[in-house]
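J.: Below is the sequence, then the predicted model.
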Amino acid sequence: MKSLATALALSFTVAGTGAAQRPRADSTRVPTENDYYRMVTLPIPEGVVLEVGGLEMLPDGRLAVATRRGDVWLVENPGGPIGSRPHFTRYAQGLHEALGLAWRDGALYTAQRSELTRLRDTDGDGKADRYETVYSWPLSGNYHEYSFGPVFSPSGDMIVTLNLAWVGYGDSFVKWRGWMLKIGPDGKMTPVAAGFRSPSSFGYNLEGDLFYAENQGDWVGSGGITHVESGDFVGNPMGLKWSGEPGSPVKLTLKDIPDTGEPKYEVAKRVPHLKTPAVWFPHTILGTSTSAILVDSTRGAFGPFAGQLFVGDQGQSKIMRVFLEKVNGVYQGVVFPFREGFDSGVFREVWGSDGSMYVGQTSRGWPSTGKASYALQRLVWTGVTPFEAHRVEARPDGFDITFTMPVDRSTAADPASYKVSSFTYRYHHFYGSPVINQVAHRVRAVVVSPDGMSARLVVDSLRQGYIHEIVMSGVRSAGGVPLLHDLGYYTVNQIPAGAPLAIAAMPAAPSGRRLGIAKPRRVSTSPVAAMSKRQTDLPDDWNDKVDQTVSVEGQEGLKFSLTNFEVKAGSRVRIRFANVSDMLHNFVIVRPGSATPVVDAALRLGLDGMRLGFVPQMSEVLYHTGLIEPGKSESIYFEAPLAPGEYPFVCSFPGHAATMRGVMRVRR
Amino acid sequence: MTRRLFILLVTALASTGSAQSPSSVGTALPQGVPLTTLSAFRPTSVNWRIVGAATADRSRPLAMTDEPGTGVLVNTPAPGATGNLFTTWEHGDLDLSLDLMMPRGSNSGLYLMGRYEVQLLDSWGVRTPTFADLGGIYQRWDEARGAGREGFEGTPPRQNASRAPGLWQHLEISFRAPTFKGAQKVTNARFATVTLNGVVVQENVEVTGPTRAAGFTDELPAGPLMIQGDHGPVAMRNIRYQSHAGSAAVDSARSHPAAPAPSRAAPGPIVVEPRLEPIVLRSFIRHRGATRVTAVSVADPAGAHFSYDLAQGALLYLWRGPFIETTQMWHSRGDSQTAEPLGSTITLPGTPALAFLADQNSPWPDSVDERQFRRDGYELDPTGRPTFLYQVRGVAVEDAIRSGADGLSVRRELHLRAPAGTAAPEGLYLQVAEDSRVTQQSDGTFVVGDGSYYLTLSPAGAEPVIRRKSGREELLLPVRFERGEARVSYTIVW
């Protein structure tokens, strides 16, 4: 087997019996994610609107699917061979937006908006005839008061989380909104932790510790996963209204939480029990709305990542991979890209009995990169191991990167093959955050292990509390293949003690070098391109005369309020752009035919995106606003182009332009 | 009387869902037809009279009795007295609203301008209405078309929104007269909307000429309103209108400035309908100006649907016909999370069905005491129909609400069990009805509201309590336990 693998030009390592499908040995082709993790789309019967809210695998191999329209479907033969169809039977109906599903002792449990419900089939006809309220909680009636879960704890309790309402900002109008609750089999409820904003997903790692996924928003600079323990306050203060209630393990109150815009890690030094993420996911790069959390418990059936977490993303239709370690008793770790290209918004993940992963998806109201409004897909490991960074571990003076297969020693040992920088986000009531305090770290040395499986990076001064971007674009496998994903983001909550690696005759390290940013700025005022493209004051030489004012709203559901408008060539135009949605948007007018290149360039801005308001510096961009927060607005002024034609406008924030686009017609 | 009528009207308006014509919601039309004498009408035959009240036995064909007084217009045709009734005034464009009562099997009609008919009929129980049912635009008729082909045009109502004979029903018509240039007709007469018991049953329906049996065969810019008198008995009251008689009536639809074209199409409605099995659907529901966040609506293929608040053990609405629209819950994020009944709803108080009262005069609570209430969900019977389960002060309650087989009624049965080993609970009552009035008829049936629906108690021997307070009446049934159990039930017919 080894010789066969070596013979392949791309040097794939083939696992299993050899029956697994292998990519073709084509030396000219760059391997893709699909060569290792194949996507299989399950056919959904006509008329079944399978907007997945919950997924569970039953002991008999049937897949249970809860939907946002309130049905629970049982799918027989979900992973059958090609040509055999899955069979859908409706088990329950009429639930109010069921956003979770768990099986225990012959019953299915789901969270509806106002309660935790147990569904049972007592007469054996395959359909639930008991819809039992296990525990109920109040609602104010706001659409954003989603209820998620349950997940069974190792001790048999049910964990649920309750979203904040959205009224231009997140708020908690009724008890336990913004909280995680634990409900015993007897229906007794115990509050666990506070500070949640939109905690759609949570799950346990193999050690039995609980992690939850949060989405960027107010008080949340970027998405990430956080280790939750009883008494924690995880960040959004609105739920603290209820910390004085009997049974609350959280004692903080609203006034204990400073709104200074400092990094969350810094604030947490002063605010006891404020928990920072174990792993931050940089917004727009590794997702926009973290969703499912699934620990790899397949013992290798799903590939070489046993024990790691697969974290979904709804907005970007993809799944990330997380390696966690505990340093000084605190969880931290690294997140990598894993698999993208799902049909709709990834929301739920569950293991099939064969170690493949079922991925339930929905994008209704929350548009995703995958354009289908819902989907059910299966991710199957092909048996071929990709060349990946398997994990990154912190060291006193750097990182230890372990790969999935031996590396090419020369590229892996070359410091120039790596780039490391660190940054963080603001902790404040504003929606999201720019990337702040970004610093480049010099990679002083790299030592490759004797077996070629790992590389020890000696890096200038790790920064505690910061996210460290590690780019490994120069590294090749022993067979000459580049990494399938060449970057990861390691959150350093703790720097391990111990001796630094002895390195002979390294030049003295200059202190961290600032990248680009003279001083951090608020999102909405980030200076971008030349003022002529973003003129926010009435130009003096216009003598207070505007020929035409166009008002545009950025609306919920990723829409502009209008899809076209007309201006006269050369006329003086004011665009008043108001963001009435709950996400960040900009308004960018580009040259005819150049919407796609501008949107693509905005996506590639990476960490610089927030600083630049996701407006790439290129000549195709004609006029634009800044990145506008929810509830804010901005006017820009420009003289319309002299050449008549159709000038596209878009929101260039990653993932938005598919629906947020239109045309400015310039007429003679 | 007038005040009570007003309350009924307001209640009827407030109770309707999105199906109601938006143009007429909540705005009383400015002019009333005085029903103290027949002075608003041209002289006619003696079948037309002003009375104080009218009642019709829903089981006896064409039966209607009345009491002396004023406020109600009745037609009781008799041999030699079958004249139609014409208003003294004439109208062009007209907005009209009135209450009407159809005796069992009776037939009448409202002819706008004396020419264009909205059919009035006892259509209770008709599954698939035609142009000849209540709310239909009746056919035209032309002998010259040849035998068997005389009838033409005519538009059925979108749904049968009828109530039972003898109940007061509410009809609103927004009518546009034909327009002329000289003697030449330019546009046809048109019913902008016809709204029956709160639901739009006709919208933008043109009529090319006078209906069969019209008062006139020609077409003119103005004419009197005509009520058909020669077919069967009918009662009307609270007739109000806004006319644009004789003026160069401006068609509101045609004269509206062009609305800006929406940049995106509105979503097509998402509608849920039962097929062979019932549907039990959770949602928010708007009820009397508030949002019920723990509502469940049940569609029964037999025909009668209802909404219920699980957190209160309270009935909210009853209706027949199309079930429910979920667009506001299932389109995009579903901003309001509401489902909206598509039929003509009977609005019920929405207060808890059961309550412990300190004494017989204690006020009925608006909501349950949450410390003493626990909702347990529901179980489905083998046909898929739910029984709601909850506990109040330890008493286990099974609340079963079922459509009658004909879809014309709903029966509610509560089965209560006291906690084991305790004395029979004292002071527990079932609130059967609460409305402006609760009146018992000679056959034992109650009429709730000012003719809103019928209600019967079972067993017939139950001894209800009627309480009157601040202009409202309430029907309570004391719950009596025997060997730790109690059963109480009642049936609503509408």
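T.: On my side now, so go ahead. Numbering: from 1, shown residues only, chains lettered A, B, ... in the order given.

J.: quick one: low-confidence ranges for the chain?
T.: Since no chain was named, I'll use chain A. A:1-28, A:504-531 (pLDDT under 70).

J.: Oops, wrong one, chain B.
T.: In chain B (pLDDT under 70), the answer is B:1-27, B:245-265, B:460-462.

J.: Which residues of it lie near chain A?
T.: B:263-264, B:279-284, B:291, B:293-294, B:296, B:310-311, B:326, B:330, B:332-337, B:375-382, B:386 (C-beta under 8 Å from any C-beta of the partner chain). All C-beta spots, glycine's among them, are computed from the backbone N, C-alpha and C.

J.: mind listing which of those residues are in strands?
T.: Using DSSP state E, the members of the residues of chain B next to chain A that fall in strands are B:279-284, B:291, B:293-294, B:296, B:375-380, B:386.

J.: sorry, back to before: buried subset of the residues of chain B next to chain A?
T.: Neighbour counting with 16 or more other C-beta atoms under 10 Å in any protein chain shown marks B:279-284, B:291, B:293-294, B:296, B:310-311, B:326, B:330, B:332-334, B:336-337, B:375-380, B:386 as buried within the residues of chain B next to chain A.

J.: Ramachandran angles for the residue of chain B most remote from its centre?
T.: In terms of distance from the mean C-alpha position of chain B, B:G421 ranks first, at 46.4 Å (C-alpha atoms, centre = their mean). Here is the backbone geometry of B:G421 (degrees, to the nearest 10): phi 80, psi 10.

J.: excluding its backbone neighbours, what's nearest the residue nearest the centre of chain B?
T.: Centroid-nearest residue in chain B, with C-alpha atoms, centre = their mean: B:N197, separated by 3.6 Å. Closest residue to B:N197 apart from its sequence neighbours, by C-beta to C-beta, 6 or more residues apart in numbering or on different chains: B:S344 at 3.9 Å.

J.: So that neighbour sits against B:T195, correct?
T.: No. B:S344 is beyond contact range of B:T195, at 9.6 Å (criterion: C-beta atoms under 8 Å).

J.: So if I had to pick from these two, which one is more boxed in?
T.: The neighbour comparison of B:S344 against B:T195 (other C-beta atoms under 10 Å in any protein chain shown) goes to B:S344, with 29 against 26.

J.: From B:A235, how far off is the more buried one?
T.: Applying C-beta to C-beta, to the nearest Å, the value for B:S344 to B:A235 is 19 Å.

J.: got the contact list for residue 109?
T.: Here I'm looking at chain A. By C-beta atoms under 8 Å, 6 or more residues apart in numbering or on different chains, the contact set of A:Y109 is A:G100, A:L101, A:A102, A:W103, A:L116, A:T117, A:R118, A:L119, A:V134, A:P150, A:M158.

J.: hmm, I had chain B in mind actually
T.: B:G109 sits next to B:E117, B:V118, B:Q119, B:L120, B:Y138, B:T211, B:A213, B:I227, B:Q228, B:H231 when contact means C-beta under 8 Å, 6+ apart.

J.: what sits against the third one?
T.: In other words, B:Q119. B:G109, B:F131, B:A132, B:D133, B:L134, B:G135, B:G136, B:I137, B:Y138 are the contacts of B:Q119 under C-beta under 8 Å, 6+ apart.

J.: which residue ranges form the helices in the stretch 551-668 of chain A?
T.: Read by DSSP state H, counting those that start in this stretch, the stretch 551-668 of chain A holds these helices, from start to end of the chain: A:595-603, A:608-611.

J.: Would you mark the buried spots in the first one?
T.: Just to be clear, that refers to helix A:595-603. For helix A:595-603, by 16+ other C-beta under 10 Å, it's A:A595, A:V598, A:V599, A:A601, A:A602, A:L603.
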